[in-house]
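Colleague: coordinates only, sequence not included:
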């Protein structure tokens, strides 16, 4: 099974690609389209285009993993409702299977991974959301997908 993780942001949305066999996760893209542009329609189009470019058409062997912004106590708030509504918009256009994954602290993890990278602030900003999406997908694969049987 191949997965594309999405870290939905107000200004930037990050994407990471991985699969359930190798469990290799790779940050692949950042789309710089705000949620509020054109009532969110521009972001929906950009996300659909990115999904299609990396997964192809919806099929049984592909799925989306969307980061769900939970409160620190694990409850859902208004941001979670917004992400669920956005996922519904995406699947109304392109009916991919969608899984939600807790995204708490994934941006912190992304920042930590770049802390001593030598990248400028702007370079880090450009990569942060894709790295957060990769953290979301790694967490999903570690907790939600059965490990293949070993010989």
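Modeller: All right, it came through fine. Quantities reported herein were computed from a predicted structural model and do not represent experimental measurements. Residues are numbered from 1 along each chain as shown.
Colleague: show me what contacts residue 6?
Modeller: Contacts for residue 6 (Cβ atoms under 8 Å, 6 or more residues apart in numbering) come out as 13, 14, 15, 47, 64, 65, 66, 67, 133, 136. C-beta here means a position set from N, CA and C on the backbone, and glycine is covered the same way.
Colleague: my guess is residue 20 contacts residue 3. True?
Modeller: Yes. At 7.3 Å, residue 20 counts as touching residue 3 under the criterion of Cβ atoms under 8 Å.
Colleague: which parts of the protein are helices?
Modeller: 41-55, 78-93, 106-114, 121-144 (DSSP state H).
Colleague: centre of the chain to the first one, how far?
Modeller: Taking Cα atoms, centre = their mean, to the nearest Å, the mean C-alpha location of helix 41-55 is offset from the chain mean by 12 Å.
Colleague: buried residues in it, which are they?
Modeller: 43, 44, 46, 47, 50, 51, 55 (16 or more other Cβ atoms under 10 Å).
Colleague: go on, the last one?
Modeller: Across helix 121-144, burial judged by 16+ other Cβ under 10 Å covers 124, 127-141.
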